[in-house]
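Trainee: the following block contains a protein sequence and its predicted model.
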Amino acid sequence: MIAQLLHSHARTRAHAIELLGRHGTIVRLLRRGAFALVELDQKPSPFLDGVRCWHLHLDDLLVDDLLVDAVEPPHEDRNPYGVGLSGVGREVVRHAWPSGRWEGLCGATVRPVLIGSWSPPFLSTVENACPACVCLAGNDGTGS
């Protein structure tokens, strides 16, 4: 349950009237477990612009301790690549992005997608994923 919004981001706190008291499910722990991606159980109200998932600080949540242990923490070693974008408009391509570089795994120049210092993981199943990056990421980036 969302018990308070003292530690979450200002954009989230702006929706405090609609969020406080709502129940949800922790989908993923973020930023070394300080924040959580929470999917609301109820249908979102029009005041929340249809958004169901919220980035909340764990200290703002009233969480059942048994459920916290059941949430799988992110595994950096399972997918070490973030997302980098190339292209414009509807022609955007998602590339596997090794942190700290300006190129995707395939060598294309990319704009890294960053939320603070975290990047969403590269998923080979999305429609606009770079085929070369999918192949290279599947081979641990070695190309072999």
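Mentor: That came through fine. Residues are numbered from 1 along each chain as shown.
Trainee: after the helix or strand bottoming out on mean pLDDT in the chain, which helix or strand is next?
Mentor: One helix or strand of the chain scores below all others by mean pLDDT, DSSP states H and E: helix 65-70, with a mean of 44. Counting by DSSP states H and E, the next helix or strand C-terminal to helix 65-70 is strand 82-86.
Trainee: tell me which other helices or strands that following strand touches.
Mentor: Using 3 or more Cβ pairs under 8 Å, 6 or more residues apart in numbering; DSSP states H and E, the elements in contact with strand 82-86 are strand 93-97, strand 111-112. In this view, the C-beta of every residue, glycine as well, is placed from N, C-alpha and C.
Trainee: quick one: it to strand 93-97, angle?
Mentor: 140 degrees (axes from the mean of the first three to the mean of the last three Cα atoms, to 10 degrees).
Trainee: adjust the sequence numbering to begin at 28 for everything that follows.
Mentor: Understood, numbering begins at 28; the last thing we discussed is strand 109-113.
Trainee: list the contacts of the closest residue to residue 140 other than its chain neighbours.
Mentor: Leaving aside its chain neighbours, residue 140 sits nearest to residue 110 (4.4 Å; criterion: Cβ to Cβ, 6 or more residues apart in numbering). With contact taken as Cβ atoms under 8 Å, 6 or more residues apart in numbering, residue 110 is in contact with 121, 122, 123, 124, 139, 140, 146, 147, 148, 149.
Trainee: now the top helix by length along the chain: how far from the chain's centre is it?
Mentor: Longest helix in the chain by number of residues, with DSSP state H as the criterion: helix 158-165. Distance of helix 158-165 from its chain centroid, counting by Cα atoms, centre = their mean, to the nearest Å, is 21 Å.
Trainee: what residues of it count as buried?
Mentor: Neighbour counts over helix 158-165 (16 or more other Cβ atoms under 10 Å) mark 159, 160, 161, 163, 164 as buried.
Trainee: in JSON lines: these, plus distance to residue 134 and pLDDT.
Mentor: Below are the buried residues of helix 158-165 laid out as JSON lines (distance: Cβ to Cβ, whole Å; pLDDT from 0 to 100):
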{"residue": "159", "distance to residue 134": "8", "pLDDT": "93"}
{"residue": "160", "distance to residue 134": "10", "pLDDT": "92"}
{"residue": "161", "distance to residue 134": "14", "pLDDT": "92"}
{"residue": "163", "distance to residue 134": "10", "pLDDT": "91"}
{"residue": "164", "distance to residue 134": "13", "pLDDT": "87"}
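Trainee: appreciated, that's everything.
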